[in-house]
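Engineer: could you look at this predicted model? Sequence included:
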Amino acid sequence: MKVLMTLDAVGGVWQHALDLAQELGERGVSVVLAGLGPPPDAVRIAQAQEIAALEWGDATLDWLASGPDDLAPVAPWLESLARRHGADLLHLNLPTQAVGLSPDLPVLAMSHSCPGTWFAAVRGTGLPDDMAWMHDLTERGLRAARLVVAPSHAHAAALTRLYGPLPHLAVVPNSSRARPAPGPRRNSVIAVGRWWDDGKNGATLDAAAALSDWPVTMIGALTGPNGAHLALRHARHAGVLDHAQTLRAVGRAGIFCAPSRYEPFGLAVLEAARAGLPLVLSDIPTFRELWDGAAQFFDPDDPAALADALNALARDIARRARLGDRAQARAARLGPGAQAESMLTLYRWLAPAPAASTTG
């Protein structure tokens, strides 16, 4: 089987796609990666090419587009790649990329996030009038795909609330092949995210850092490709680190925090849990679904509550150990092999192998 899989280099989809492609490759699936949006640097290109063939297009991503016309080149480009590489199916990591594709192409669209569900969770509103086209395009893409996949039941529910029932909607939790490198634990709090994104709620963590017994380090970009910016006043900013550097830093921290208001899955949380870090997470549906009983939760709108949760753990080594063990055990259920097998089951449903011919 040959799969054409889209990805981008801006957020977590990059690592998700590489890890899944590698797992699929080990199961005999040939993956061609098709990138769109701001291109990766040479190091990341080399990283991807070690796993699969990589193509990069000129079109932008939907949330960086000024209107639907900016996305018109996407479908023709994907169709040409599918023909050239002989792809049996398309795995699209942005549902809008399904708009305009030939209905003859087997298409799986995975929603890792979308502007409509982001605004509902972060702003409590619908999309602004000048972004209404994105709702329409996302809905068209979801309905054009033969299969829609969400990484959590919470995100699947958010999609159906916004776009209505989706007949072929499956939930396959994300995973990661990475494990933070173990090392001496420091009395520190660490967090990872694209902090310019208000959905990551970095401002609440920065405010809590002023009240935290332990220093708080935030890894990730403060300025986004859309011009959004977060200014830190209390937390330490470690900058934008590559994946290996991030894993080393996480593996040496004492507590991992994810303050998100919007998170369809949360790969950074999973990677921290695999290293046995105690988790302090915002009390949102996704994190409750995945980590209830294995993390400390707090109100994402209350910096003082976050600081209290961090300090309570910082002062209780036995509880940190218990929560770290629980997080690690929960993470073991979300292995990359399980994700790949689930996706393979969907691929085979979407593009079944032709029956072998017989003679006689």
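Structural biologist: Now that the structure is in, tell me what you want to look at.

Engineer: any chance you could map the helices in the stretch 51-200 of the chain?
Structural biologist: Here the stretch 51-200 of the chain has its helices, by DSSP state H, counting those that start in this stretch, at 74-85, 115-122, 132-144, 153-163.

Engineer: show me the one of those that comes nearest Gly11.
Structural biologist: helix 115-122 (11.9 Å; CB to CB). From N, CA and C alone the C-beta is placed, and that goes for glycine too.

Engineer: tilt between the closest one and helix 132-144?
Structural biologist: With axes from the mean of the first three to the mean of the last three CA atoms, to 10 degrees applied, the angle from helix 115-122 to helix 132-144 works out at 110 degrees.

Engineer: CA-only coordinates of the helix or strand harbouring Glu271 in PDB, if you can.
Structural biologist: Assigned by DSSP states H and E, Glu271 belongs to helix 267-274. Only the C-alpha atoms of helix 267-274 are listed here, as PDB (Å, rounded to 0.1, in the frame of the first residue of the first chain):
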ATOM      1  CA  LEU A 267       1.700  15.300  22.200                       C
ATOM      2  CA  ALA A 268       4.000  17.100  24.600                       C
ATOM      3  CA  VAL A 269       2.000  15.900  27.500                       C
ATOM      4  CA  LEU A 270       2.300  12.300  26.300                       C
ATOM      5  CA  GLU A 271       6.000  12.600  25.800                       C
ATOM      6  CA  ALA A 272       6.400  14.000  29.300                       C
ATOM      7  CA  ALA A 273       4.200  11.200  30.800                       C
ATOM      8  CA  ARG A 274       6.300   8.600  29.000                       C
END
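
Engineer: now do the strands in this structure.
Structural biologist: 2-7, 30-35, 53-56, 89-92, 107-110, 147-150, 169-171, 189-192, 216-219, 236-239, 255-258, 279-282, 296-298 (DSSP state E).

Engineer: and Arg315, which of these is closest to it?
Structural biologist: strand 255-258 (11.3 Å).

Engineer: for the closest one, packing partners?
Structural biologist: Packed against strand 255-258 by the contact rule (3 or more CB pairs under 8 Å, 6 or more residues apart in numbering; DSSP states H and E) you find strand 189-192, helix 267-274, strand 279-282, helix 303-314.

Engineer: what does the pLDDT read for Ser357?
Structural biologist: Ser357 carries a pLDDT score of 43 in this model.

Engineer: repeat for Gly11
Structural biologist: At Gly11, pLDDT is 78.

Engineer: first vs last residue of stretch 25-44, how far apart are they?
Structural biologist: 19 Å (CA to CA, to the nearest Å).

Engineer: mind checking the pLDDT average for that stretch?
Structural biologist: When pLDDT is averaged along stretch 25-44, the result is 96.

Engineer: before we move on, the earlier item: of the helices of the stretch 51-200 of the chain, which is nearest Ala109?
Structural biologist: That would be helix 132-144 among the helices of the stretch 51-200 of the chain, by CB to CB, at 6.0 Å.

Engineer: chain center to the closest one: distance?
Structural biologist: Centroid separation for helix 132-144 versus its chain: 20 Å, with CA atoms, centre = their mean, to the nearest Å.

Engineer: ok and that helix relative to helix 153-163, angle-wise?
Structural biologist: 110 degrees.

Engineer: helix 132-144 packs against which elements?
Structural biologist: Counting by 3+ CB pairs under 8 Å, 6+ apart, helix 132-144 packs on strand 107-110, helix 115-122, helix 153-163.

Engineer: tell me the most buried of those?
Structural biologist: Of all those, strand 107-110 has the most neighbours on average by mean count of other CB atoms under 10 Å, namely a mean of 26.

Engineer: okay if I get the helices and strands packed on strand 255-258 as TSV plus mean pLDDT, distance to Ala321 and mean neighbour count?
Structural biologist: Formatted as TSV, those follow (pLDDT from 0 to 100; distance: least, CB to CB, whole Å; neighbours: other CB atoms under 10 Å):
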stretch	mean pLDDT	distance to Ala321	mean neighbour count
strand 189-192	98	16	28
helix 267-274	94	14	25
strand 279-282	98	13	26
helix 303-314	98	10	20
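
Engineer: looking at those, which is closest to Thr96?
Structural biologist: helix 267-274 (21.5 Å).

Engineer: can you list the domains in the protein?
Structural biologist: Per automatic domain parsing, the domain ranges recorded for the chain read 2-175+336-350, 189-334.

Engineer: tabulate those domains (CSV), appending distance to Pro182.
Structural biologist: Formatted as CSV, these follow (distance: least, CB to CB, whole Å):
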stretch, distance to Pro182
domain 2-175+336-350, 19
domain 189-334, 5
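
Engineer: ok so, going back, got the helices and strands packed on helix 132-144 as JSON lines, with mean pLDDT and distance to Thr246 columns?
Structural biologist: Output for the helices and strands packed on helix 132-144, formatted as JSON lines (pLDDT from 0 to 100; distance: least, CB to CB, whole Å):
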{"stretch": "strand 107-110", "mean pLDDT": "98", "distance to Thr246": "23"}
{"stretch": "helix 115-122", "mean pLDDT": "96", "distance to Thr246": "23"}
{"stretch": "helix 153-163", "mean pLDDT": "97", "distance to Thr246": "23"}
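
Engineer: to Arg330, which of these lies closest?
Structural biologist: Short answer: helix 153-163, nearest of the helices and strands packed on helix 132-144 by CB to CB, at 15.4 Å.
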